[in-house]
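Engineer: the sequence isn't on hand, but the structure is:
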């Protein structure tokens, strides 16, 4: 194996090890800010960015579903018609 290939292999192994032991960070971002980050990640090669894109989408979906009004229209309400008492 050439030194260059071996070096890449070692770096990829180190990256795999560090990702399992890394500290978790939480961020509060607007939808617009999140979309900007997603666009930036989309510019990177998929082999580098796909995991984090999926992770962001998985975490965002429940929040977006919770805050999105239902797309099912409510049944139309009929106006109350007063009932007249018999004579």
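Structural biologist: That came in fine, so what should we check first? Here the structure is a predicted model, which means the values were calculated and not measured.
Engineer: alpha carbons only for contacts and neighbour counts from here, please
Structural biologist: OK.
Engineer: distance of residue 25 relative to residue 55?
Structural biologist: Distance from residue 25 to residue 55, counting by C-alpha to C-alpha, to the nearest Å: 13 Å.
Engineer: which one's more surrounded, the two?
Structural biologist: Between residue 25 and residue 55, counted using other C-alpha atoms under 10 Å, residue 55 has the larger neighbour count: 10 against 5.
Engineer: now name the helix or strand holding that one.
Structural biologist: Taking DSSP states H and E as the definition, one finds residue 55 inside helix 46-67.
Engineer: list the buried ones in that helix?
Structural biologist: residue 53 (16 or more other C-alpha atoms under 10 Å).
Engineer: any shared contact partners between residue 25 and residue 55?
Structural biologist: Here residue 25 and residue 55 have no joint contacts, going by C-alpha atoms under 8 Å, 6 or more residues apart in numbering.
Engineer: got the contact list for stretch 29-48?
Structural biologist: In contact with stretch 29-48 (C-alpha under 8 Å, 6+ apart) are residues 49, 53.
Engineer: would you mark the buried spots in it?
Structural biologist: 38, 41.
Engineer: for the record, mean pLDDT for it?
Structural biologist: In this model, stretch 29-48 has an average pLDDT of 97.
Engineer: do a quick rundown of the helices in the protein.
Structural biologist: With DSSP state H as the criterion, the chain has helices at 3-21, 31-43, 46-67.
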